[in-house]
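> Need coordinates for the following:
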Amino acid sequence: MTTVPETPLRLTQFAHGGGCACKIPPGELEDVLGSLTASAPATGDTPLLVGLATGDDAAVVALPGQGPGPARAMVSTADFFTPVVDDPYDWGRIAAANALSDVYAMGGTPVLAVNLLAWPRGVLPFDLAREVLRGGLDIATEAGCHVGGGHSVDDPEPKYGMAVTGLADPGRLLRNDAGRPGVPLSLTKPLGLGVLNNRHKATGERFEQAVATMVALNRDAAAAALDAGVRCATDVTGFGFLGHLHKLARASGVTAVVDTAAVPLLDGAREAVREGYVSGGTRRNLDWVAPFTDFGGSDTDTRLLLADAQTSGGLLVAGEVPGAPVVGELVPRGTHSVVLK
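Reported below is the predicted structural model:
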């Protein structure tokens, strides 16, 4: 279902890209971070449980000085991006859900968020910025997460997101390096957000199914995964399904076999690919994963959809999650990180 927005001022036209498609390409990012994997020395009672080493979704540190009761760990993340939709309130909701997702992807519960806002103050009215922040606040409220202020800068390009702190059980973290052979793979949201957002930017069409998917919290999916005893997961965002799956398989020392026919897609996603609404970020994702992927007999459109740069996508879970389709399995490490069937 599509509608044309009533507002003549289109936020997506003030950005060179949109959403998580604006991420620095994964290969370039890994080149930068390759020598920075060692953490700063920590005191003995605050060990770093998850850092840069496997490129996981958030950092996790054990909390010191805990009394009786379950142990707690602190989860920390930050995420922000340029407008992915024209409606400022929706952009705020999407950006907040996307930032909170990193905490859920680690098995945590968001507790506190602060806003990150860049705004072209001489170009766009602050009424729009207020709507962006209101959207972020509403999603954080839905998540039961406090919003305690934040930071803003004058910037030629609008950007918004959040830095989020959460809590988790250190013995029940969802990590991208905990996958094991013989475990199924589940995906909790359909793919196609990138191509539909790119079409929205180019044409002004509004895709309600994409907005609804992006603003949906990954809270319930994470809770269901933990209840099922899952210990390996990641969320699917700017590096696409294939990129995040490659990172999970590489970190876990396994190969992921994907049933491409089982991967859920949003209505209109294949049409958007056929008509050329593919971002540069998606094409860079595909180029990056190509050396590590056996594409089998998959066609070009399928490969692009599997590499599509998602914004506020779902969880990719090594395990079964009620209501989520099983899209493949993990097997012993072979020649490739990912094999498409």
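> okay, CA-based contacts and neighbour counts for the rest of this
OK.
> doesn't Asp301 make contact with Val273?
Yes: counting by CA atoms under 8 Å, Val273 does reach Asp301; the two are 6.3 Å apart.
> Comparing these two, which residue is more hemmed in?
Here Val273 and Asp301 are compared on neighbour count by other CA atoms under 10 Å; more neighbours surround Val273, at 23 against 17.
> And the residue nearest the centre of this structure?
Thr237 (3.1 Å; CA atoms, centre = their mean).
> Would you confirm that that one belongs to a strand?
No: read with DSSP: H, G, I helix; E, B strand; the rest coil, Thr237 is coil and lies in no strand.
> Now for it: which residues touch it?
Going by CA atoms under 8 Å, 6 or more residues apart in numbering, Thr237 touches 20, 244, 309-314.
> and what of Gly240?
282, 285, 306-310.
> What of Pro47?
Going by CA under 8 Å, 6+ apart, Pro47 touches 61-62.
> ok, now how distant is it from Leu63?
Going from Pro47 to Leu63 by CA to CA, to the nearest Å gives 8 Å.
> do the same with Arg172
The gap separating Arg172 from Leu63 is 15 Å, by CA to CA.
> Flag the shaky bits of the stretch 51-200 of the chain, pLDDT-wise.
Applying pLDDT under 70 to the stretch 51-200 of the chain picks out residues 65-70.
> which residues in it form strands?
Taking DSSP state E, counting those that start in this stretch as the test, the strands found in the stretch 51-200 of the chain are 59-62, 73-81, 109-119, 146-154, 159-168, 184-187.
> Would you reformat these as a markdown table and include mean neighbour count and distance to Arg231?
Listed next are the strands of the stretch 51-200 of the chain as a markdown table, based on neighbours: other CA atoms under 10 Å; distance: least, CA to CA, whole Å:
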| stretch | mean neighbour count | distance to Arg231 |
| --- | --- | --- |
| strand 59-62 | 22 | 15 |
| strand 73-81 | 23 | 15 |
| strand 109-119 | 22 | 15 |
| strand 146-154 | 13 | 27 |
| strand 159-168 | 25 | 13 |
| strand 184-187 | 26 | 12 |
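> would JSON lines of those with distance to Ala225 be doable?
Shown next, in JSON lines, are the strands of the stretch 51-200 of the chain (distance: least, CA to CA, whole Å):
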{"stretch": "strand 59-62", "distance to Ala225": "19"}
{"stretch": "strand 73-81", "distance to Ala225": "18"}
{"stretch": "strand 109-119", "distance to Ala225": "13"}
{"stretch": "strand 146-154", "distance to Ala225": "24"}
{"stretch": "strand 159-168", "distance to Ala225": "14"}
{"stretch": "strand 184-187", "distance to Ala225": "10"}
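> Indicate which one of the ones you listed is closest to Asp127.
Closest approach to Asp127 among the strands of the stretch 51-200 of the chain is made by strand 109-119 (11.5 Å; CA to CA).
> Given the closest one, what are its sheet partners and their directions?
Using DSSP bridges, strand 109-119 pairs in its sheet with strand 146-154 (parallel), strand 159-168 (antiparallel).
> For the first one, which outside residues touch it?
In this structure, residues lying in contact with strand 146-154 by CA under 8 Å, 6+ apart are 111-121, 137, 140.
> Burial check on Gln209, number of neighbours?
15.
> Out of the contacts of Thr237, who's the most crowded?
Ala309 (38 neighbours).
> those strands in the stretch 201-341 of the chain, which residues are they?
Using DSSP E, counting those that start in this stretch, strands in the stretch 201-341 of the chain cover 206-207, 233-235, 254-258, 293-294, 315-318, 326-332, 338-340.
> between the ones you listed, which gets nearest to Gly268?
Closest among the strands of the stretch 201-341 of the chain, once you apply CA to CA, is strand 206-207, at 8.9 Å.
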